[in-house]
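Undergrad: Need coordinates for the below:
(chains A and B)
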Amino acid sequence: MNELLSLLISLNFLFTLAGGNHTHCEAREFLEYSGDDALCETEMAHLDKYALQVQSDPECMAYIIVYGGIRGTARHEVSQRKARITRYLVKNRGLEPERVRVVEGGFRRKVTVELWLIARGAKLPKPTPTVLPKNVRHKRTKLQFTCSSFY
Amino acid sequence: MNQNYDYFNDGLIKFVHNTNDSNFDRSYSYDQLGRLTRAASGGSARQDSGGVPYFETFAFDVFSNTLSRFTLTWSSRAYSDSGTYTNGRRSGWGYDADGRIKTIDTREYHYDASGQPEQLTGQVWNGVGYDATSITSGFDGDGNRIKEVSSSPTPVTIFYLRSSVLGNAAVQEIHNGGQTVGYVYTPAGQVLVKHDLGPIWKHITPANTGQYEIYQSGFVNRVEFDAVGADVALTPAEVADSGEGKGDVDSGLPGSSLDSRFSDLSNPAAGCVSYVNGIPLPCSWMGRGSLSWLEVSFGLEKQQPQASISPRWVRPQWRWQPQIENPFSEFNELEVLTTNASAVRPGHWETFGLTPLGGPAVHNPQNPLPTHEQVRNLKPTSEQQQCSDYLARLFGGNGAQAGANGFTPSGDYRGAYTYNGQRLSGHLSDHAIHISGSRDQTKDTDVFVPLGGNRTLSTSDSDGNTVDLFHYRNLNGLGSYTLAVLHLDRSSPQNVGGRQHVGRTGGPGGEGANDRHVHIELLKGRRTTFPKPAIRGPWRTNLSVLCPGR
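TA: Residues are numbered from 1 along each chain as shown, chains lettered A, B, ... in the order given. Okay, the predicted model is just below:
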């Protein structure tokens, strides 16, 4: 009886060990921010938390979806936001470039950024725009969206 | 030892009550720029007839050069000194081409090719006459003092053994006679225990009023200081005085004059010198509060490793490297506790979690970021909190909050806790603060800068953030610095209560409903542009140097 108990305990131990490699970031949204929260410094705070989370699990990838806004978004804005997010995560926060992917998601009411945690090889989430491109009015501006004073 | 403290509203120390020895009650007065103008003790501090160990006055010019000093000791001896200055140089003192002090009367300083104070020569009073003396130092390639030879009264050679883990702090002195002296440091980098034929615990009182050395036998050696760190006799005894010249080396003081560990009560012309590790401070910085944690302030500089370090197929990675910030570097007399980037050898990466007040707190090799748990557990010390509060009062209106600068109080920034005390990265830990009208950053506040600033830039960056630069020829006695204020909702400058009102928070880039703020940086030198962080990084200075006693 004791031998059977020992065997069961050993099997349970091995099962636990096997489960130890399980990553907890399969495909889940870590954070979403928009509007004022997408200003340079506020965004950096969000990205700081996000980078720590990604870095804490080597099986995790950073997958970011950037949406333009229906009004007041410059034509160059989304691409510059993508670039600055990548730059911040890789250059400032030290994430490996191959673990960071930033994509355009279309348009929503406000400029919006979704930060996802994705396990390597997992199915990528689809963007969920809420505004058709034909309804978007771009803003004419010379302003840049690179946050060059901060990162 | 038991002391209680009273403070002025701006955080400067007003009165120190010594409940064990009322002779060493102390009072302090300051001018509108927070510079010490009067320091009294005993009966003079309390305004009664009690004994007065010392009474001192100070006067400064607009650049915080010391124009005059007067010291009256309780042996009724009076000492005074006055000087005039041109371009920050005192008349009668010699300077080299790089602006370093070369001569003070009979004292001469010699610097090596890298600018290190290689030798001091002078004369020392032996009771009946003068002896020539010299102190010669040797430095390693990283600028750390590794050897010191003093010639008088007895030749002594000391070798310093330093710890790279402790930021090159000297951990052991090896004397030519075979004697070794070991040191143990507090997390703030202050000497806690000196091991010289047995441990000696050293305790500096929080307001720098005295030092207690506690020996293994129980013997306590107590030293009381005046407002500028000079040893005041514990009883109304005659202090050592020889009618010394301004540059004479005092025979009764510990340490070498190259890194004077004490000011000289009887020779005020010799300057004000911090007694802690020999970091010399301008007189205007003395007595402004607790100096016990003012050793150096560390920063982290992001540097790319040399190409030769990495194999060609390995992508060079940027690393954070510790770098010393010594606001008083113009004196070129920094003694210990230095950490510089070059100390990190190829293949030997270390990151340090540093207390903003100096000193390695967490040695964190091969780990570029702290964990969430580490960050959550970082709390500001009372000194850090006081400094944060002071910065809020310096730059903000009623109810203003100062955040970050490495020690944002826990809970700020709506859960963006990575700002809280984050030492290893993050833009606010790179020497910047946020001023906002409330802790949750939903309210605006008026924004002020110190008087005397000259606006050198008022523009917007490419993202539309407003950028305003204010240059000060001698900010708080620190020298030439430029304040950069971003996201300012500008208004016409007005002098209000000893500060210049320049606008309110919530300008472009800082207008988020839950993130209303201005972003402030302190940049060395006179700046007329505000380039990207990689360029201005070396200019940036920890704003806590503006705090009293820092």
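Undergrad: any idea how far stretch A:143-151 is from the chain center?
TA: 20 Å (C-alpha atoms, centre = their mean, to the nearest Å).
Undergrad: Let's see the distance spanning it from one end to the other.
TA: 16 Å (C-alpha to C-alpha, to the nearest Å).
Undergrad: any idea of the mean pLDDT in the longest helix along chain B?
TA: In chain B, assigned by DSSP state H, the helix with the most residues is helix B:382-395. Confidence for helix B:382-395, expressed as mean pLDDT, is 80.
Undergrad: Would you indicate which residues of that helix are buried?
TA: Using 16 or more other C-beta atoms under 10 Å in any protein chain shown as the test for burial, helix B:382-395 gives B:Glu383, B:Gln384, B:Gln386, B:Cys387, B:Ser388, B:Asp389, B:Tyr390, B:Leu391, B:Ala392, B:Arg393, B:Leu394, B:Phe395. For glycine as for every other residue, the C-beta is placed from the backbone atoms N, C-alpha and C.
Undergrad: Give the next helix or strand downstream of that helix.
TA: strand B:401-404 (DSSP states H and E).
Undergrad: next structured bit after that next one?
TA: The C-terminal neighbour of strand B:401-404 among helices and strands, as given by DSSP H and E, is strand B:433-436.
Undergrad: The residue nearest to A:Lys139 when sequence neighbours are not counted and A:Lys134, how far apart?
TA: Spatially, and ignoring its direct neighbours in sequence, A:Lys139 is nearest to A:Gly72 (4.7 Å; C-beta to C-beta, 6 or more residues apart in numbering or on different chains). According to C-beta to C-beta, to the nearest Å, A:Gly72 and A:Lys134 sit 17 Å apart.
Undergrad: Equivalent analysis for A:His76, please.
TA: From A:His76 to A:Lys134 the distance is 19 Å (C-beta to C-beta).
Undergrad: Those two: which is more packed in?
TA: Between A:His76 and A:Lys134, A:His76 has the larger neighbour count (other C-beta atoms under 10 Å in any protein chain shown), namely 15 against 6.
Undergrad: ok, the more buried one - contacts?
TA: Applying C-beta atoms under 8 Å, 6 or more residues apart in numbering or on different chains, we find A:His76 in contact with A:Gln144, A:Phe145.
Undergrad: quick one on the thing from earlier: quick one: the residue nearest to A:Lys139 is in a helix?
TA: No. According to DSSP: H, G, I helix; E, B strand; the rest coil, the state of A:Gly72 is strand, so it is not within a helix.
Undergrad: wait, doesn't it sit right on A:Val136?
TA: No. Contact between A:Gly72 and A:Val136 fails when scored by C-beta atoms under 8 Å: they sit 10.0 Å apart.
Undergrad: So for those two, which residue has more residues nearby?
TA: Per other C-beta under 10 Å, whichever of A:Gly72 and A:Val136 has more neighbours is A:Val136, with 17 against 14.
Undergrad: quick one, what contacts A:Ala38?
TA: A:Arg81, A:Val111, A:Thr112, A:Val113.
Undergrad: out of those residues, who's nearest A:Thr42?
TA: Nearest to A:Thr42 among the contacts of A:Ala38 is A:Val113, at 10.8 Å by C-beta to C-beta.
Undergrad: Now do the buried residues in the helix or strand containing the closest one.
TA: Using DSSP H and E, A:Val113 falls within strand A:112-119. Going by neighbour count (16+ other C-beta under 10 Å), the buried part of strand A:112-119 is A:Thr112, A:Val113, A:Glu114, A:Leu115, A:Trp116, A:Leu117, A:Ile118, A:Ala119.
Undergrad: which non-adjacent residue is nearest the fifth one?
TA: The shortest distance from A:Trp116 to any residue other than its chain neighbours is 4.2 Å, reached at A:Tyr63 (C-beta to C-beta, 6+ apart).
Undergrad: Walking through the chain, point out its helices one by one.
TA: Because you didn't say which chain, this covers chain A. For chain A, the helices defined by DSSP H occupy A:2-19, A:40-56, A:77-87.
Undergrad: not what I meant, chain B
TA: Going by DSSP H, chain B shows helices at B:42-46, B:372-377, B:382-395, B:533-536.
Undergrad: residue contacts, the residue nearest the centre of chain A?
TA: Taking C-alpha atoms, centre = their mean, the centroid of chain A lies closest to A:Leu115, which sits 2.6 Å from it. Counting by C-beta under 8 Å, 6+ apart, A:Leu115 makes contact with A:Glu29, A:Phe30, A:Leu31, A:Glu32, A:His46, A:Leu47, A:Tyr50, A:Ala62, A:Ile64.
Undergrad: Have a look at the residues you listed and tell me the least confident one.
TA: Pick the lowest pLDDT in these and you get A:His46, at 82.
Undergrad: Now do that one against A:Leu39, distance only.
TA: For A:His46, the distance to A:Leu39 - C-beta to C-beta - is 11 Å.
Undergrad: Stretch B:490-502: which residues count as buried?
TA: B:Arg499, B:Gln500, B:His501, B:Val502.
Undergrad: now, which of the residues you listed lie within strands?
TA: Counted as lying in strands by DSSP state E, out of the buried residues of stretch B:490-502, are B:Arg499, B:Gln500, B:His501, B:Val502.
Undergrad: Tabulate those (a markdown table), appending distance to chain A.
TA: Shown next, in a markdown table, are these (distance: C-beta to the nearest C-beta, whole Å):
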| residue | distance to chain A |
| --- | --- |
| B:Arg499 | 25 |
| B:Gln500 | 23 |
| B:His501 | 23 |
| B:Val502 | 18 |
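Undergrad: Give the rounded mean pLDDT of stretch B:497-509.
TA: 92.
Undergrad: for chain B, what are the nearby residues on chain A?
TA: A:35-37, A:39-42, A:44-46, A:48-49, A:51-53, A:55-56, A:91-94, A:143-151 (C-beta under 8 Å from any C-beta of the partner chain).
Undergrad: hmm, which of the residues you listed are the buried ones?
TA: A:37, A:39-42, A:44-46, A:48-49, A:51-53, A:55, A:92-94, A:143-151.
Undergrad: check contacts around A:Ala51.
TA: A:Ala62, A:Leu89, A:Arg93, A:Gly94, A:Leu95, B:Leu369.
Undergrad: separation between B:Arg499 and B:Gly506?
TA: Applying C-beta to C-beta, the value for B:Arg499 to B:Gly506 is 19 Å.
Undergrad: on that earlier part again, mean pLDDT lowest where, among the helices of chain A?
TA: Across these, the lowest-scoring stretch is helix A:2-19, with a mean of 43.
Undergrad: Looks like A:Gly35 contacts A:Val113 (just checking).
TA: No. Applying C-beta under 8 Å, one finds A:Gly35 not in contact with A:Val113, separated by 10.4 Å.
Undergrad: Tell me the pLDDT of the residue nearest to A:Lys139.
TA: Predicted confidence (pLDDT) for A:Gly72: 84.
Undergrad: Can you give me the distance of it to chain B?
TA: Using C-beta to the nearest C-beta, to the nearest Å, we find A:Gly72 at a distance of 13 Å from chain B.
Undergrad: ok, that residue to B:Gly512 distance?
TA: 15 Å.
Undergrad: what's the answer for B:Asn9, then?
TA: Going from B:Asn9 to B:Gly512 by C-beta to C-beta gives 32 Å.
Undergrad: Tell me which of these two has more neighbours.
TA: Between B:Asn9 and B:Gly512, counted using other C-beta under 10 Å, the more crowded position is B:Gly512 (20 against 7).
Undergrad: Which residue lies closest in space to the more buried one, excluding its sequence neighbours?
TA: Per C-beta to C-beta, 6+ apart, closest to B:Gly512 is A:Asp36, 3.4 Å.
Undergrad: Tell me if I'm right that that neighbour and B:Gly510 touch.
TA: No. With contact defined as C-beta under 8 Å, A:Asp36 does not count as touching B:Gly510 (10.1 Å).
Undergrad: Redo the contacts of A:Leu115 as a markdown table? Include distance to B:Glu118.
TA: As requested, those are arranged in a markdown table below (distance: C-beta to C-beta, whole Å):
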| residue | distance to B:Glu118 |
| --- | --- |
| A:Glu29 | 62 |
| A:Phe30 | 56 |
| A:Leu31 | 56 |
| A:Glu32 | 60 |
| A:His46 | 51 |
| A:Leu47 | 48 |
| A:Tyr50 | 51 |
| A:Ala62 | 52 |
| A:Ile64 | 55 |
